[in-house]
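J.: need a 3D model of the sequence below.
(one chain, ligands or ions: 3)
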Amino acid sequence: MATFVDKFPDEAKVVQASFAVAFIALGIGALFGLIQALHRTNVLRVIDSVDYYTLLTAHGVLLALVFTIFFLVGLFTWAVTRSFGRALPDIRLTWAWFGLMTTGTVLATVAIVAGLFPQIPMSADVLYTFYAPLQAHPIFYIGLAMFIIGTWMAGADWFLAYREWRGENPDSRIPLQAFMVLTTMIMWYVSTLGVAVSVVFFLIPWSLGLIETVNPLLTRTLFWYFGHPVVYFWLMPAYLLWYTVLPKLAGGRLFSDPLARVVFVLFVLLSTPVGIHHQYVDPGIAEGFKFIAMTNTMFLLLPSLLTAFTVVASVEHGARQRGGEGYLSWLGALPWRDPAFAGMALAGLMFAAGGFSGMINAGMNINYLVHNTLWVPGHFHMTVGTAVALTMMAGTYWLLPQLTGKAVYSRPIGLLQVIMWFIGMVFMSNAMHRAGLFGVPRRTAEPQYQNFDFVAAVGSVGEIRMQIAFGSLLLFLSVVLFLFNVAATWADDRVDTPVDDTIPEPLSPSSGAPLVLDNLALWTGIAVLLVVLAYTLPLASIVNDAGLLGGSPTF
Ligand code: HAS
Ligand code: HEM
Ligand code: CU
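T.: Numbers count the residues shown, from 1 in each chain. Ligands and ions are numbered 1, 2, ... in the order given. Purely as a prediction, here's the structure:
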């Protein structure tokens, strides 16, 4: 039976190239993660504490921006092509955005890593959030800008594919996977506007010396305008896989197509007007605006709670198709030996915990307790670091045969690898949450509390440190196994194993979804309106207080 690579060989190449860049970033990022985890916990120090921030920047950029987003563009290219059932309009455009994104990535990475070599007059120790007053070499920001423009072109590529398809299918519902891609990209266009303004109008001219000062609170606010929606940009590929692939792997079908559409529309509407929940402790933003951001954030829980319901219901349906029974014993009937299923299901389970720590972050008063402590890395290693990263690794085991025509090199290694990730993250992120409650800060090479001690008493900082170090080791080894498995699959001679790449119709199909859900222009309009409402006044008062380019306050 012909699979993706046979039907769309050109597109399959782009998807594989995107995955290759993603996985290289994953490997380097994970190595830096291990080094910094061991450094912070005082278990093993192979770098200077000054270089810690260079590695931390590289870790954040390579994992949270490069790995996730390169995987996303690969996955979305696959999803758009297969769900429209036609080749992309012009493969040269596709390679053009891939090339631009890759060049941007290389430039930004070189600027960061150069910071390790004092002989080279270049550095970018600005962390992956890169707002002022930290300043990087211009090459870093230019690389970043190229990367973002590349993603905009990728979105254009998929919208052009949509237009062609629509021309021939004027009355059909947008296929679900394509719907997910298009709504996610609308959110991305709305939200990247903030970071583009910050980079192009302030950070690049400032790093080139064309302007003397910037307004740090303005660049921070523009960053977080983008910095919250970007977390859903990472999450939506995982949701796409949980909604459309996981139910099938579980042996069943998606519970409801219309509900899935509602969820993605809610993300378009609500993802952006919440960014200020990262700035609860920032002076210069009035309490009332923070309160509005908190309220919006609580509404934004809804699409994820709907997802928990729909995806678990679909998985349960699958288990019952396989003979599962009882209130909970159906869980045992699931295909736990399949690395793709097990990885995604474990990622989803951990997301439930990460979601709860997010709710705690979002409460304005409790946030004062956890902000800037290790609690926050605990939260996001469960969300982006597991819900997203583990789903992407698990999804690779299902996608690779369709993209290459080859069977996965070793399914047992795959299974071991996803389980190791889960266990490693249970240790590392739980301990990080606990450390945060003790007040251990994030983003520091020298958290000078109790020194590491192998006979640390249970409940002490020493015990927590050991758990972080042990977890990080398991995580790193898991990545090594993953990369080995993928490389060995790629290196295999082509064997024409039959590939099961079908996705069954949802139990409640798209024909039941209200037509208005597919009205993308309407949702874009409302999303923009909500953003204008949430951000006009805070931005106006920030500019009014300190000027567009900072300087002394003009009260
Ligand atoms: Fe967050 C900080 C609030 C979700 C990432 N977050 C961060 C940072 C990152 C990040 C990277 O309000 C740090 C940024 C920095 O460097 O400073 N976050 C939330 C809230 C949510 C949330 C309310 N975050 C995410 C996701 C991320 C992510 C998703 C990445 C992908 N976060 C915050 C706040 C801060 C913050 C504050 C600032 C903290 C500070 O002070 O600095 C919500 O979206 C969470 C909703 C999730 C749920 C869970 C639903 C459960 C599901 C599981 C389904 C089960 C399955 C299993 C599939 C309600 C969907 C089925 C299998 C079977 C076997 C049955
Ligand atoms: C930060 C370890 C995987 C994203 C950190 C920190 C540690 C760590 C210890 C906190 C450093 C500090 O605040 O001083 C690890 C290990 C990993 C891993 C051992 C697995 C091998 C990931 C993955 C992602 C990720 C898969 C995302 C896809 C981040 C981000 C930061 C971070 C965004 C924050 C950087 C900053 O504060 O600027 N990591 N991590 N990590 N990690 Fe990871
Ligand atoms: Cu957020």
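J.: and the residue in the chain that ligand 2 sits nearest to, how far is that from Met359?
T.: Residue nearest to ligand 2 within the chain (Cβ to the nearest ligand atom): Gly33, separated by 2.8 Å. No exception for glycine: its C-beta is placed from N, CA and C like everyone else's. Using Cβ to Cβ, to the nearest Å, Gly33 is found at 26 Å from Met359.
J.: so for these two, which sits in the more crowded spot?
T.: Shown here are Gly33 and Met359; by other Cβ atoms under 10 Å, Gly33 has more neighbours (24 against 14).
J.: show me which residues of the stretch 1-150 of the chain are close to ligand 1?
T.: The stretch 1-150 of the chain comes close to ligand 1 at residues Thr129, as judged by Cβ under 6 Å from any ligand atom.
J.: show me where the stretch 1-150 of the chain has its helices.
T.: Shown for the stretch 1-150 of the chain, the helices assigned by DSSP state H, counting those that start in this stretch span residues 4-7, 9-40, 52-59, 68-84, 91-113, 138-168.
J.: columns mean pLDDT on top of these, output as CSV?
T.: Below are those laid out as CSV (pLDDT from 0 to 100):
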stretch, mean pLDDT
helix 4-7, 95
helix 9-40, 98
helix 52-59, 98
helix 68-84, 98
helix 91-113, 98
helix 138-168, 98
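J.: most packed of these?
T.: Among the helices of the stretch 1-150 of the chain, helix 68-84 has the highest mean neighbour count (mean count of other Cβ atoms under 10 Å), at a mean of 25.
J.: from the chain's centroid, how far away is that one?
T.: Chain-centre distance of helix 68-84: 14 Å, with Cα atoms, centre = their mean, to the nearest Å.
J.: the inter-axis angle of it versus helix 138-168?
T.: Interaxial angle of helix 68-84 relative to helix 138-168 (axes from the mean of the first three to the mean of the last three Cα atoms, to 10 degrees): 10 degrees.
J.: contacting residues around Met298?
T.: Ala362 (Cβ atoms under 8 Å, 6 or more residues apart in numbering).
J.: whoops, Ile47 was the one
T.: Contacts were defined as Cβ under 8 Å, 6+ apart; by that measure Ile47 touches Ile35, His39, Leu55.
J.: do stretch 429-448 and ligand 2 meet?
T.: Yes: shown here: stretch 429-448 in contact with ligand 2 (Cβ under 6 Å from any ligand atom) through Arg442, Arg443, Thr444.
J.: which parts of this structure sit against ligand 1?
T.: Residues of the chain lying close to ligand 1 by Cβ under 6 Å from any ligand atom are 129, 231, 234-235, 242, 277-278, 297, 300-301, 304-305, 307-308, 311-312, 315, 345, 348-349, 351-352, 355, 358-359, 361-362, 367, 371, 376, 379-380, 383-384, 388.
J.: where does the closest residue to ligand 1 within the stretch 201-350 of the chain land on pLDDT?
T.: Residue of the stretch 201-350 of the chain nearest ligand 1, by Cβ to the nearest ligand atom: Gly348 (2.3 Å). pLDDT for Gly348: 98.
J.: list the contacts for it?
T.: Neighbouring residues of Gly348 by Cβ under 8 Å, 6+ apart: Trp242, Leu246, Val311, Val312, Ala387, Thr391.
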